[in-house]
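J.: what's the 3D shape of this:
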Amino acid sequence: MHSLRLLGSGLLPAVPDRTRPQPTPSTQETIQIDLLHVNDLHGAVDPMLDKAVGGDSLVGGLSRLKTAVDQTRAQNPEGTLLLNAGDLAEGSMIAYLTRGRSVAEAMKPFKFDAVALGNHDFAWGQAALAGMIGALGAPIVAANVVKTSDGTVMDGAVPYIMKDVQGVKVAVIGLDTPAIRHYVADEKLEGLDFKAGAETVARYLPEVRGKGADVVVVLSHMGFEEDRKLARELPGIDVIVGGHSHTRLSEGHREGETLIVQAGSLSKFLGKATLHIDPSTRRIVHSQAQVVPVLFEELSPDPEVERILAPYVAEAEQVGSRPMGLALEDLHHAHRQADKLNQIHADSLLKASGAELGICNSRTLRNNVPKGEVTFKDLYSALPFTEENYVVLRATGGQVLAEIEDDLRDGATELAVPTGLRYEYDPTRPEGRRVVSCTLPDGTPLDPDREYTVVLNETMSKKKVFREAPGRQVLGPVQPLFFEAFQAGSPWKDDPDDRVRRLEAPPA
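T.: Numbering: from 1, shown residues only. Just a heads-up that it's a prediction; the model follows:
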């Protein structure tokens, strides 16, 4: 029984073009190539609660994702490629205990045709990444990750692969985010340079076409908006399989003649882009895209993945079983709003730092906490980043406002969660003017000219607006502060305050 349920969102343009998804006419014989794709798995070994995706069913988990891949691949076994757009492991306790090797071992049976690297794949340094690459046993494509010594692609990777798929030559070029130093400490990237995406693809696109590539795929960990820019700058790309921004493109997105696809994050979805190729011209005549949720109740676990993970799961359970408090109801996080877990995290930094106010990256939180007794593992799943520090610096109110505004771009995918501060914003206003009000707890407006002591996540402190801020102090990891705050405040209800208010658009 085929158990994968289609999610549609109507994102396709109304004006047809040569690659617009549409049914293949029964009178036309084409070669069908399916690109199965995942991204930003972040070591999501266990199924998780996400009612927006699965309702009352848990979603995701590596072993059920593997079953979903196998079921879909079996529909077109000779015409399917499986691609992974990076951020493989960091994000779960199981991954942390082995510096990602356990997750890489569990991914080896997937038999990925190509894997791009993400910023989180460098979180534990290059030696740990080399161990992950060895355990994964799949081609790593990283065209823009080059050695500063000689400009060649980093060890263990190639710039692209070429695959013959039912007589069609498919090239897959890999990109990591050029902005990686915003996320990863310099010492972990020593000896490497991360070139711009457009510059890199412009170099390799003629090369792969010259080698006979009929279809060019860019496997990108640059984020949806950067992928759109890339497609506009280089219209010769057929498909961009994306990651980094955790965007669910339910039916893909068309940028000119380039199809852009991305499948959310955390193993909740499997993406599928279907290309119909004219056998005489080797050109794409039709294409379509979809994502399907990985539902716990409708998919059986893959026995080989379960076997590989079993000893690591047992170790994580032993380490993670310590009780940490009580949740009176499911506690939620979000990336586009300040939910309860985001607020606990932000307030823990303000209390520990003694700063006057602070803003935190909403994406530091990655999972919900289920109702009932909460364990160390539950909290670890909610805030999994052991390498993320907190920083205190001095900044003006205007700089803080500029960062809040910047984080409201692109649908507020990395909302600034405030502490010791509150703000209202209107998403319908022009960029740079979306914040309607920003006040301190006593109701006084944030003074754009006054200097404050501000606490932030270290990644946020590296943003351009704070890069030269005086008085910078790196004070230690954020994760223990979150754990301590949760224990101290238990029991918890899912009752976030309104420190961030999104104003509804006025009536037409």
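J.: Contacts only, for P139.
T.: F112, D113, A114, V115, V158, I161 (Cβ atoms under 8 Å, 6 or more residues apart in numbering). For glycine as for every other residue, the C-beta is placed from the backbone atoms N, C-alpha and C.
J.: 7 Å - rerun?
T.: P139 makes contacts with A114, V115, V158, I161, as judged by Cβ atoms under 7 Å, 6 or more residues apart in numbering.
J.: Would you check that the second one makes contact with G137?
T.: No - using Cβ atoms under 7 Å, V115 is not in contact with G137; the gap is 10.0 Å.
J.: pLDDT at the spatially closest residue to V285 that is not a sequence neighbour, what is it?
T.: Nearest non-adjacent residue to V285, counting by Cβ to Cβ, 6 or more residues apart in numbering: D278, 4.9 Å away. Per-residue pLDDT puts D278 at 96.
J.: about what we covered before: between all of the contacts of P139, which two are at the greatest distance?
T.: V115 and V158 (11.0 Å; Cβ to Cβ).
J.: now T439, which residues is it bridged with?
T.: Here T439 sits in beta bridges with R422, P445, going by DSSP bridges.
J.: In this structure it contacts P445, no?
T.: Yes - using Cβ under 7 Å as the test, T439 is close enough to P445 to be in contact (5.5 Å).
J.: Between those two, tell me which one has more neighbours.
T.: T439 (13 against 10; other Cβ atoms under 10 Å).
J.: for the more buried one, what are its contacts?
T.: R422, P445, L446.
J.: quick one, longest helix in this protein?
T.: For the chain, the longest helix by residue count, based on DSSP state H, is helix 303-320.
J.: circling back to that earlier point, quick check, the residue nearest to V285 in contact with H286.
T.: No - using Cβ under 7 Å, D278 is not in contact with H286, being 9.4 Å away.
J.: Which residue of the two possesses the greater neighbour count?
T.: H286 (20 against 15).
J.: Dig out what that one forms beta bridges with.
T.: Under the criterion used (DSSP bridges), H286 bridges to H276.
J.: got any ranges where this protein has weak pLDDT?
T.: 1-28, 505-508 (pLDDT under 70).
J.: Quickly list the domain ranges of the protein.
T.: 31-308, 322-502 (automatic domain parsing).
J.: Relative to A316, which of these is closest?
T.: domain 31-308 (4.8 Å).
J.: Relative to the whole chain's centre, how far out is the closest one?
T.: Centroid separation for domain 31-308 versus its chain: 11 Å, with Cα atoms, centre = their mean, to the nearest Å.
J.: was I right about L189 contacting F122?
T.: Yes - under the criterion of Cβ under 7 Å, L189 makes contact with F122 at 6.2 Å.
J.: picking up where we left off before, restricted to strands, list the contacts of P139.
T.: A114, V115, I161 (DSSP state E).
J.: can you list the residues you listed in JSON lines and add distance to V239?
T.: Below are the ones in strands among the contacts of P139 laid out as JSON lines (distance: Cβ to Cβ, whole Å):
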{"residue": "A114", "distance to V239": "12"}
{"residue": "V115", "distance to V239": "16"}
{"residue": "I161", "distance to V239": "14"}
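J.: any idea which of those residues is closest to R209?
T.: Closest to R209, out of all of the ones in strands among the contacts of P139 and judged by Cβ to Cβ, is I161, at 14.8 Å.
J.: ok, that closest one - how many residues close by?
T.: 19.
J.: ok, now E29?
T.: Neighbours of E29 (other Cβ under 10 Å): 11.
J.: Skip the chain neighbours and tell me the closest residue to it.
T.: P279 (6.7 Å).
J.: who are the neighbours in contact with that neighbour?
T.: So P279 contacts E29, T30, I31 (Cβ under 7 Å, 6+ apart).
J.: Please identify which helix or strand holds it.
T.: Taking DSSP states H and E as the criterion, P279 maps to no regular element, lying outside all helices and strands.
J.: got the contact list for A171?
T.: By Cβ under 7 Å, 6+ apart, the neighbours of A171 are Y160, M162, V208, A213, V216, V217.
J.: Try it again at 6 Å.
T.: Listed by Cβ atoms under 6 Å, 6 or more residues apart in numbering, the contact partners of A171 are Y160, M162, V208, A213, V216.
J.: Need the nearest residue in space to A469, chain neighbours excluded.
T.: L393 (4.2 Å).
J.: So the one you found is in contact with R472, correct?
T.: Yes - if you go by Cβ atoms under 6 Å, L393 and R472 touch, sitting 4.5 Å apart.
J.: More neighbours: these two, which one.
T.: Applying other Cβ under 10 Å to L393 and R472 shows that L393 carries more neighbours, namely 20 against 15.
J.: Make a markdown table from the contacts of P279 and add secondary structure and distance to V145 to it.
T.: Below are those laid out as a markdown table (DSSP: H, G, I helix; E, B strand; the rest coil; distance: Cβ to Cβ, whole Å):
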| residue | secondary structure | distance to V145 |
| --- | --- | --- |
| E29 | coil | 40 |
| T30 | coil | 35 |
| I31 | strand | 32 |
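J.: coming back round to it: out of the domains of the chain, flag the one nearest E315.
T.: Nearest of these (Cβ to Cβ): domain 31-308, 6.1 Å.
J.: What separates the first and last residues of the closest one, distance-wise?
T.: 36 Å (Cα to Cα, to the nearest Å).
J.: now swap in stretch 274-287 and tell me
T.: 5 Å.
J.: For it, buried residues please.
T.: Neighbour counts over stretch 274-287 (16 or more other Cβ atoms under 10 Å) mark T274, L275, H276, I277, I284, V285, H286, S287 as buried.
J.: closest to R434 among those residues?
T.: Out of those, the member with the shortest distance to R434 (by Cβ to Cβ) is S287, at 35.0 Å.
J.: how near is the closest one to I260?
T.: From S287 across to I260, the span is 11 Å (Cβ to Cβ, to the nearest Å).
J.: on that earlier part again, neighbour-wise, which of V115 and G137 wins?
T.: V115 (30 against 15).
J.: Switch the contacts of T439 over to JSON lines; also include distance to G358.
T.: Shown next, in JSON lines, are these (distance: Cβ to Cβ, whole Å):
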{"residue": "R422", "distance to G358": "12"}
{"residue": "P445", "distance to G358": "17"}
{"residue": "L446", "distance to G358": "12"}
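J.: for those, which one is nearest D193?
T.: Out of these, the member with the shortest distance to D193 (by Cβ to Cβ) is L446, at 38.4 Å.
J.: The host helix or strand of K229: what's the following helix or strand?
T.: Here K229 sits within helix 224-233, counting by DSSP H and E. Toward the C-terminus, helix 224-233 is succeeded by strand 239-241 as the next helix or strand (DSSP H and E).
J.: Tell me the helices and strands packed up against that following strand.
T.: Judged by 3 or more Cβ pairs under 6 Å, 6 or more residues apart in numbering; DSSP states H and E, the packing partners of strand 239-241 are strand 215-220, strand 258-261.
J.: So what are the sheet partners of it and their directions?
T.: strand 215-220 (parallel), strand 258-261 (parallel).
J.: ok, and what's touching the longest one?
T.: Defining contact as Cβ under 6 Å, 6+ apart, one finds that strand 215-220 is touched by 83, 85, 114, 116, 141, 170-175, 227, 237-242.
J.: The same query, at a cut-off of 7 Å, please.
T.: 35, 83, 85, 114, 116, 141, 168, 170-175, 197, 201, 205, 208, 227, 230, 236-243, 275, 284.
J.: Then stretch 322-340?
T.: 49, 341-342, 362-363, 365, 367-376, 379, 382, 411-415, 417, 483, 486-487, 490-496, 499-500.
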